[in-house]
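Peer 1: what's the 3D shape of this:
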Amino acid sequence: MTNQNDFASLGLAEPLLRAISEAGYTTPTPIQAQAIPQVLAGGDLLAAAQTGTGKTAGFTLPVLHRLAAEHVHPRAAGRPRCLIPPPTRELAAQVEESVQTYGKHLPLTSMVMFGGVGINPQIAALKKRIDILVATPGRLLDHVGQKTLDLSGVEILVLDEADRMLDMGFIRDIRKVLALLPKKRQNLLFSATFSDEIRELANGLLHNPGCVEVARRNTASELVDQSVYAIGQKQKRELLAWLIKQNAWQQVLVFTRTKHGANKLAEYLGKHGIPAAAIHGNKSQSARTRALAEFKDGSLPVLVATDIAARGLDIDQLPQVVNFELPNVPEDYVHRIGRTGRAGASGAAVSLVDGEEMKLLAAIERLIKRKIERAVPQGFVPSAPGSDVEVNDERPPRNAPRGRTEHKRPRHGADAGRPAPRAEAHGNPRNKAPRAQAATDAARPQRQGEARNDANRRPAQRAALFSAKPGNGNR
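Peer 2: Residues are numbered from 1 along each chain as shown. Prediction:
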């Protein structure tokens with residue numbers, strides 16, 4: 001007798017059930033149990049579930065089933081039947097891996113395309129039959145422009161991480177892609193969160209869709225132990241290094257707001273005896289792939305990532321996530337901590353929060369409808385001012401100590417080794433400024449420059465929904 005809670009009860013083909021069993025899965029997750037039958041029925045679908053609940057398999061399995069069931073005639077080269085345009089390279093690679101894992105016993109072909117790598121091997125691959133194409137929007141349109149890809153035969157469109165697609169400004173690219181697709185097709189929207197804007201987009205794209213919402217919108221997994229450390233911005237790096245060593249963390253995913261911040265933090269941890277690497281849009285694809293592989297196999301204990309680069313990362317039993325800085329958008333907090341506590345496993349998420357981020361923390365707590373526990377790092381003693389913890393700090397202090405002067409760049413040529421006259425150093429053409437006034441003048445522009453730099457680091461406003469420019473990181 002077949003158990004109602006196993007995959008066989010969902011009506012999937014035997015080759016798929018065999019692949020699922022070989023992958024070690026026996027029971028579908030709630031999103032899979034509800035979404036798979038609706039996709040198999042052929043209708044449009046709007047599905048939401050927490051990150052880490054198996055939504056990728058929730059559309060991969062039924063799509064493979066449908067395509068295999070209708071695989072009765074040869075297809076033209078470079079004319080895919082299913083199109084999946086994820087927003088990031090990492091998510092694209094993950095989706096393709098899922099297609100390969102579950103479709104290995106089926107006579108179907110698939111390929112993944114994204115920017116950051118040569119386009120010629122992709123052009124060569126498109127000269128063969130492709131059933132499922134996973135491609136980031138930018139590179140997808142590159143091939144359309146070069147007429148190496150024909151989208152007129154797409155039968156199924158899957159928009160995964162649709163909210164991130166909008167946040168990253170890909171809505172214009174997606175609309176260009178939609179204009180190239182046949183009007184008669186099946187549309188599936190899967191995402192961890194669904195804002196009102198996403199539902200508005202869905203209303204214009206989907207036709208009488210089924211709706212699956214396993215968890216309350218924008219909720220964090222109850223399996224993730226969340227805590228907050230209140231700490232000044234200049235002391236965050238030191239506290240993070242202390243926490244990693246004190247707790248003997250072996251696998252930690254750290255989130256920063258900016259690419260520059262990710263680089264500086266990884267560099268700092270490395271200098272303090274903690275191997276770390278940063279991944280973001282400016283890194284080459286080979287560097288990102290290598291860092292992610294080392295992090296997954298445990299040889300790299302710390303991976304520092306921006307939100308965009310980390311979207312779609314699927315790491316089994318990741319124990320620890322750290323928010324080095326809180327995200328500007330509260331929903332991104334749910335995505336971040338959703339990297340841990342996946343597939344029924346427990347995990348922990350630590351946030352380092354300074355005074356300026358308290359409003360962001362309050363917005364997050366309103367979203368998840370719970371207060372996050374405040375923690376105190378017992379035994380942590382920050383370095384005294386002027387120690388190495390402040391060297392190359394990403395956010396300069398607002399008020400420099402009075403009388404403190406900037407270090408001048410080395411002089412070159414004949415003047416090398418000689419101190420600069422005060423008229424050159426302090427901008428006084430008459431060279432009549434007294435020593436005390438010169439020191440004051442040297443300090444004043446430093447404070448003003450720091451204020452400007454700090455202002456530039458204030459959280460950016462969320463981009464307008466339909467006016468954001470397409471991102472370039474995934475072309």
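Peer 1: Could you report the pLDDT at residue 253?
Peer 2: Looking at residue 253, its pLDDT reads 94.
Peer 1: where's the nearest residue to residue 365 once chain neighbours are set aside relative to residue 226, distance?
Peer 2: Setting aside the residues directly before and after it, residue 365 is nearest to residue 371 in space (C-beta to C-beta, 6 or more residues apart in numbering), at 5.6 Å. All C-beta atoms are positioned from the backbone trio N, CA, C, and that covers glycine. Distance, residue 371 to residue 226, using C-beta to C-beta, to the nearest Å: 10 Å.
Peer 1: Neighbour count for those two, which is higher?
Peer 2: residue 226 (24 against 11; other C-beta atoms under 10 Å).
Peer 1: Report the beta-bridge partners for the more buried one.
Peer 2: Per DSSP bridges, the residues bridged to residue 226 are residue 349.
Peer 1: In which helix or strand does residue 242 reside?
Peer 2: Residue 242 belongs to helix 236-246 when elements are defined using DSSP states H and E.
Peer 1: next one: residue 76
Peer 2: Going by DSSP H and E, residue 76 is not in any helix or strand.
Peer 1: Can you report how many residues lie near it?
Peer 2: Per other C-beta under 10 Å, the neighbour tally for residue 76 reads 10.
Peer 1: Give the full set of residues in contact with the spatially closest residue to residue 144 that is not a sequence neighbour.
Peer 2: Of all residues not flanking residue 144 in the chain, residue 180 sits nearest, at 6.5 Å (C-beta to C-beta, 6+ apart). Contact analysis of residue 180 by C-beta atoms under 8 Å, 6 or more residues apart in numbering lists 144, 151, 152.
Peer 1: Tell me if I'm right that the last one and residue 185 touch.
Peer 2: Right, residue 152. No - the criterion here is C-beta atoms under 8 Å, and residue 152 misses it with residue 185 at 10.7 Å.
Peer 1: more crowded one of the two?
Peer 2: Taking neighbours as other C-beta under 10 Å, residue 152 and residue 185 compare with residue 185 leading, 17 against 9.
Peer 1: State the pLDDT value of that one.
Peer 2: For residue 185, the pLDDT comes out at 95.
Peer 1: Contacts only, for it.
Peer 2: Residues near residue 185 by C-beta under 8 Å, 6+ apart: 154, 155, 156, 157.
Peer 1: among the residues you listed, which two are most distant?
Peer 2: 155 and 157 (8.6 Å; C-beta to C-beta).
Peer 1: what do these two both touch?
Peer 2: Common contacts of residue 155 and residue 157 (C-beta under 8 Å, 6+ apart): 82, 185, 186.
Peer 1: Residue 382: which of these is nearest?
Peer 2: residue 82 (53.5 Å).
Peer 1: Show me what that closest one bridges to in the sheet.
Peer 2: Beta-bridge partners for residue 82, by DSSP bridges, are residue 132, residue 156.
Peer 1: Residue 280 and residue 95, how far apart?
Peer 2: Distance of residue 280 to residue 95, computed by C-beta to C-beta: 20 Å.
Peer 1: That should have said residue 150, apologies.
Peer 2: Distance, residue 150 to residue 95, by C-beta to C-beta: 21 Å.
Peer 1: between those two, who's got more neighbours?
Peer 2: Comparing residue 150 with residue 95 by other C-beta under 10 Å, the one with more neighbours is residue 95, at 25 against 17.
Peer 1: so that one touches residue 136, yeah?
Peer 2: No - at 10.7 Å, residue 95 does not count as touching residue 136 under the criterion of C-beta under 8 Å.
Peer 1: Which neighbours do these two have in common?
Peer 2: residue 86.
Peer 1: just to revisit the earlier point, who has more neighbours, residue 155 and residue 157?
Peer 2: Neighbour count, other C-beta under 10 Å: between residue 155 and residue 157, residue 157 has more, with 22 against 19.
Peer 1: Now do the contacts for that one.
Peer 2: For residue 157, the contacting residues are 82, 83, 84, 178, 181, 185, 186, 187, 188, by C-beta under 8 Å, 6+ apart.
Peer 1: out of the residues you listed, which one sits closest to residue 114?
Peer 2: Distance to residue 114, by C-beta to C-beta, is smallest for residue 84 among those, at 11.9 Å.
Peer 1: Can you tell me how far the residue nearest to residue 110 when sequence neighbours are not counted is from residue 325?
Peer 2: The spatially closest residue to residue 110, leaving aside those adjacent along the chain, is residue 132, at 3.9 Å (C-beta to C-beta, 6+ apart). Distance of residue 132 to residue 325, computed by C-beta to C-beta: 37 Å.
Peer 1: Could you export the contacts of residue 180 as JSON lines, including secondary structure and distance to residue 47?
Peer 2: Below are those laid out as JSON lines (DSSP: H, G, I helix; E, B strand; the rest coil; distance: C-beta to C-beta, whole Å):
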{"residue": "144", "secondary structure": "helix", "distance to residue 47": "27"}
{"residue": "151", "secondary structure": "coil", "distance to residue 47": "23"}
{"residue": "152", "secondary structure": "coil", "distance to residue 47": "27"}
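Peer 1: which among those residues gets closest to residue 15?
Peer 2: residue 151 (27.1 Å).
Peer 1: give me the number of residues near residue 366?
Peer 2: Neighbour tally, residue 366, other C-beta under 10 Å: 10.
Peer 1: so where do the strands sit in this protein?
Peer 2: 45-48, 82-84, 110-113, 132-135, 156-160, 186-191, 210-213, 224-230, 252-255, 276-279, 302-305, 320-323, 347-353, 373-375 (DSSP state E).
Peer 1: now the fifth one and strand 186-191, what's the angle there?
Peer 2: Put plainly, it is strand 156-160. 10 degrees (axes from the mean of the first three to the mean of the last three C-alpha atoms, to 10 degrees).
Peer 1: What average pLDDT does strand 156-160 get?
Peer 2: For strand 156-160, the mean confidence score works out to 93.
Peer 1: now that strand: how far from the chain's centre is it?
Peer 2: Put simply, strand 156-160 sits 19 Å off its chain's centre (C-alpha atoms, centre = their mean, to the nearest Å).
Peer 1: about what we covered before: wait, the residue nearest to residue 110 touches residue 108, no?
Peer 2: Yes - using C-beta under 8 Å, residue 132 makes contact with residue 108 at a distance of 6.7 Å.
Peer 1: Find the residues that touch each one of these two.
Peer 2: 64, 67.
Peer 1: More neighbours: which of the two?
Peer 2: With neighbours defined as other C-beta under 10 Å, residue 132 and residue 108 compare such that residue 132 has more, 25 against 20.
Peer 1: all helices for the stretch 51-200 of the chain, in order.
Peer 2: Taking DSSP state H, counting those that start in this stretch as the test, the helices found in the stretch 51-200 of the chain are 55-69, 89-102, 120-125, 137-145, 162-167, 171-180, 196-205.
Peer 1: buried set for the second one?
Peer 2: It stands for helix 89-102. Of all the residues in helix 89-102, those buried under the rule 16 or more other C-beta atoms under 10 Å are 89, 90, 91, 92, 93, 94, 95, 96, 98, 99, 102.
Peer 1: How is the chain partitioned into domains?
Peer 2: Domain ranges of the chain: 7-213, 224-375, per automatic domain parsing.
Peer 1: what's the closest of the ones you listed to residue 382?
Peer 2: Going by C-beta to C-beta, the one of those nearest residue 382 is domain 224-375, 4.7 Å.
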